[in-house]
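J.: sequence-free structure coming up:
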């Protein structure tokens, strides 16, 4: 893309961004109006004077953001951003890029919101690593789509089957994730016959989360996600019962 | 002179204490190695290296070791960025963008070994210059900063955010300011620091304590990098490395004035709040091109051009730590991540910081630069091999590192949601050319700005003249106003007209 069309795309995006920023500024100014500015007594401190108010700095920030957003809107309109705002070319819409972002976004969302809180960290991270490398190594859109389905399916199952925090220790989602990971790994190994670079994926996918979670739990003695997970539970048991007595005694 | 000698004596004590501890070497070697690796891999940055290591070492080991790990990674990553710049013509970090201008032509001409040797030496000397300036000036500034009261602190925080927004914007300056305001707005979430009034918590108890720094850092710096980097990139043709990677002492002696000038420029740029190593590298390169007798050779494989950028970007590290340690205002994006590490260790950088910590920071920087120098000379071929790893292979690993690091600092799933949310916002901001550094600096300085601004008003009974009645505050108000005015189109036009007349 040349510089002129780059600028057109940027100004068209600025048009939309400024509208979103104006809306957000107004919303938060309205929310700020709920914080007493004059009068009121908060936490035992008289708030009769305006300069005592907790709303002063937020008013300054959101007021400033509103002004700057309006200036950005004016710049965008003057540079033709409003005219280009509704055209696909104007906002720089790229179908392949949108697909790439959506699949990565869905995988990360499924991982963080669905899998990490509920599923054994080694299993869900192994699945994510396998899916991301398989999906984006070499730039094949079909592979990215398949990889996305695997991770989203695991995340959705965990989220739907065990929504409440009290259920997060159940192992049904661990097994589903393990099966999906194994299936995806088989697919990876099959593809790796023609693409040697993929052979390394299972090794990275197993070793990385295992080393990380063990270092964090036993090296740094920190909490790790889903401590009662299928494989970590076994590792933790054998660390304290089988291994640790070797040097502790 | 006595002052400098006493400083050097203090530094000697801190250096000896560190050097006599075997664990120091373990943390140094591991962190500098990881730092160079992060820097060498295009797609990973120095900020990301420090941020991710903050998740791992930030509050899990004693502060001294934590500082060794983070500063070692910082020094290593800034240097490591030169490998792909020289061998692939792809800057490993933004800080090394100027290095590619002359490094790659040198490598193509069969002088890659010489270029890497010089880069290693220049990075080492640059770090030492920056550290020496840090050692001397931080104390003078600390003495001055003891007289800084709430109005000056509030105005300084605002100046830091504005300056960072102004200098880090690729597109319109206004976008940098908006990014800074978004960061400030994020810092307003939670109980306010003076009256404990809940703000923008939406009834969610997690938000009562405000946004945690580490998940915000991870989200802002790591997630967009991962989303952006997960694409197929044809591996560039690596320039063949010929010759041994050794410092060319004749060239070093010849270009000593250039190295000294670049070191001073790098440190100076680093000392500006929120301005990073990339700006330091380019400013030094630009100045070098303008003043050098060989300026016309810059961009065509000039050793002097290479030294300009590489010395400056490493010297910037010491400079960036000056405002961080003296005022609590990060001098660069990696310094902002370092500030996060200080915060989670309950160390408040600024006028009240323990002077011992500053001496240890200086000693660590010297040891880290020595480690980097030795690794650069003797293990460079390992890092060259690392360059061949595609980013689609290492970025998924970075995602897992980020997740467990972010989780372990706060120990909660909510931190991960915050990380992902901030990451999505930062990705779209990147797409629309909003700089991320002012946002992060806004989040970090927002609490300080809120507290000191309101305390000033509280102590003056709402009299706004408190911001101009003190000499320091008056200077800072003037600087803030001038900075804003200088970006107005009408003022810019007037300046360019004036330039035309004088030319």
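T.: Done, it's in. Worth saying up front: this structure is predicted, and the values here are computed from it rather than measured.
J.: how many residues are close by the residue of the stretch 201-350 of chain B found nearest chain A?
T.: Going by C-beta to the nearest C-beta, chain A is nearest to residue B:232 of the stretch 201-350 of chain B, at 2.7 Å. Just so you know, the C-beta spots here come from the backbone N, C-alpha and C atoms, and that holds for glycine as well. Residue B:232 sits with 13 neighbouring residues when counted by other C-beta atoms under 10 Å in any protein chain shown.
J.: roughly how far does it sit from residue A:135?
T.: 11 Å (C-beta to C-beta, to the nearest Å).
J.: what of residue B:4?
T.: With C-beta to C-beta as the criterion, residue B:4 and residue A:135 are 58 Å apart.
J.: looking at those two, which is more packed in?
T.: Using other C-beta under 10 Å as the criterion, residue B:4 and residue A:135 rank with residue A:135 on top: 28 against 12.
J.: doesn't residue A:148 make contact with that one?
T.: Yes. Counting by C-beta atoms under 8 Å, residue A:135 does reach residue A:148; the two are 6.7 Å apart.
J.: can you tell me the helix or strand for residue 128?
T.: You didn't pick a chain, so chain A it is. helix A:121-136 (DSSP states H and E).
J.: try again with chain B
T.: Under the assignment here (DSSP H and E), residue B:128 is part of helix B:112-145.
J.: got the contact list for the helix or strand containing residue B:288?
T.: Here residue B:288 sits within helix B:277-291, counting by DSSP H and E. With C-beta atoms under 8 Å, 6 or more residues apart in numbering or on different chains as the test, helix B:277-291 has contacts from B:46, B:78, B:93-99, B:101, B:167-168, B:258, B:261-262, B:265-266, B:269-270, B:295, B:298, B:304-305, B:308-317, B:319-320, B:332, B:334.
J.: buried residues, the helix or strand just after that helix. List them.
T.: Counting by DSSP H and E, the element after helix B:277-291 in chain order, helix or strand, is helix B:303-327. Neighbour-count burial for helix B:303-327, counted by 16 or more other C-beta atoms under 10 Å in any protein chain shown, picks out B:303-327.
J.: quick one: contacts for the residue lying closest to residue A:139 once chain neighbours are set aside?
T.: Excluding the flanking residues, the one nearest residue A:139 by C-beta to C-beta, 6 or more residues apart in numbering or on different chains is residue B:232, at 2.7 Å. Counting by C-beta under 8 Å, 6+ apart, residue B:232 makes contact with A:136, A:137, A:138, A:139, B:392.
J.: mind redoing it with 10 Å?
T.: A:100, A:136, A:137, A:138, A:139, A:140, B:390, B:391, B:392 (C-beta atoms under 10 Å, 6 or more residues apart in numbering or on different chains).
J.: mind checking how far it is from residue B:386?
T.: Separation of residue B:232 from residue B:386 (C-beta to C-beta) stands at 19 Å.
J.: kindly report the same for residue A:5.
T.: With C-beta to C-beta as the criterion, residue A:5 and residue B:386 are 37 Å apart.
J.: those two: who's more crowded?
T.: residue B:386 (17 against 13).
J.: would you map out the domains in chain A?
T.: A:3-84, A:95-248 (automatic domain parsing).
J.: report the mean confidence score over the first one.
T.: What that stands for is domain A:3-84. Average pLDDT, domain A:3-84: 86.
J.: count of residues packed around residue B:344?
T.: 19.
J.: could you pull up the residues touching the nearest residue to it once chain neighbours are set aside?
T.: Closest residue in space to residue B:344, ignoring its immediate chain neighbours: residue B:59 at 4.5 Å, by C-beta to C-beta, 6+ apart. Going by C-beta under 10 Å, 6+ apart, residue B:59 touches A:220, A:222, B:66, B:214, B:341, B:343, B:344, B:345, B:346, B:408, B:409, B:410.
J.: now swap in residue A:193 and tell me
T.: Here residue A:193 is in contact with residue A:199 (C-beta under 10 Å, 6+ apart).
J.: repeat the analysis, applying 8 Å as the threshold.
T.: Taking C-beta under 8 Å, 6+ apart, we find residue A:193 in contact with no residue.
J.: checking it next. Helix, strand or coil?
T.: Following DSSP: H, G, I helix; E, B strand; the rest coil, we place residue A:193 in the coil state.
J.: for it, phi and psi?
T.: Dihedral angles of residue A:193 (phi, psi; degrees, to the nearest 10) stand at phi -60, psi -40.
J.: could you do residue A:170 as well?
T.: Torsion angles, degrees, to the nearest 10, at residue A:170: phi -70, psi 160.
J.: residue B:81 reaches residue B:47, doesn't it?
T.: No. Contact between residue B:81 and residue B:47 fails when scored by C-beta under 8 Å: they sit 11.5 Å apart.
J.: these two: who's more crowded?
T.: Just comparing residue B:81 and residue B:47: by other C-beta under 10 Å the higher neighbour count belongs to residue B:81, 36 against 31.
J.: strands along the chain, start to end?
T.: Unless you meant another one, I'm taking chain A. Taking DSSP state E, the strands of chain A run over residues A:41-42, A:45-46.
J.: I was after chain B.
T.: With DSSP E as the criterion, chain B has strands at B:190-191, B:198-199.
J.: give me the pLDDT for the closest residue to chain B within chain A.
T.: Proximity of chain A to chain B (C-beta to the nearest C-beta) peaks at residue A:139, 2.7 Å away. pLDDT for residue A:139: 84.
J.: what's the answer for residue B:42, then?
T.: On the pLDDT scale, residue B:42 gets 79.
J.: now for it, how many residues are close by?
T.: Residue B:42 has 22 nearby residues by other C-beta under 10 Å.
J.: just to check, it is in contact with residue B:87?
T.: No. Counting by C-beta under 8 Å, residue B:42 sits too far from residue B:87 to count as a contact (10.9 Å).
J.: for the closest residue to residue B:492 other than its chain neighbours, give me phi and psi.
T.: Excluding its sequence neighbours, the residue lying closest to residue B:492 (C-beta to C-beta, 6+ apart) is residue B:486, at 7.5 Å. Recorded main-chain torsions at residue B:486 are phi -60, psi -20, according to degrees, to the nearest 10.
J.: tell me the contacts of the closest residue to residue B:7 other than its chain neighbours?
T.: With C-beta to C-beta, 6+ apart as the measure, residue B:135 is the residue that lies nearest to residue B:7, at 5.5 Å, once sequence neighbours are left out. The contact partners of residue B:135, by C-beta under 8 Å, 6+ apart, come to B:7, B:8, B:11, B:362.
J.: looking at these, spot the one nearest chain A.
T.: Nearest member of the contacts of residue B:135 to chain A, counting by C-beta to the nearest C-beta, is residue B:362, at 27.0 Å.
J.: could you pull out the helices for chain A?
T.: For chain A, the helices defined by DSSP state H occupy A:3-32, A:56-78, A:81-84, A:95-109, A:121-136, A:141-161, A:172-191, A:201-214, A:230-238, A:244-248.
J.: closest to residue B:431 out of those?
T.: helix A:3-32 (7.5 Å; C-beta to C-beta).
J.: and residue B:439, how close does it get to chain A?
T.: 12 Å (C-beta to the nearest C-beta, to the nearest Å).
J.: tell me the angle the helix or strand of chain B with the lowest mean pLDDT makes with helix A:56-78.
T.: Scoring the helices and strands of chain B by mean pLDDT, DSSP states H and E places helix B:489-502 at the bottom, with a mean of 80. Interaxial angle, helix B:489-502 versus helix A:56-78 (axes from the mean of the first three to the mean of the last three C-alpha atoms, to 10 degrees): 70 degrees.
J.: what residues does helix B:489-502 touch?
T.: With C-beta under 8 Å, 6+ apart, helix B:489-502 has contacts from B:485, B:486.
J.: low-confidence ranges, chain B, go.
T.: Applying pLDDT under 70 to chain B picks out residues B:1, B:233-236, B:243, B:411, B:502-503.
J.: one more time with 80
T.: B:1-8, B:42-43, B:58-60, B:90-96, B:139-147, B:232-248, B:273-276, B:350-352, B:409-411, B:499-503 (pLDDT under 80).
J.: how about the residues of the stretch 101-250 of chain B near chain A?
T.: Neighbours of chain A within the stretch 101-250 of chain B, by C-beta under 8 Å from any C-beta of the partner chain: B:171-172, B:174-175, B:177-178, B:181-182, B:184-185, B:188, B:192, B:194-197, B:199-200, B:223, B:226-227, B:230-232.
J.: nothing else from me, thank you.
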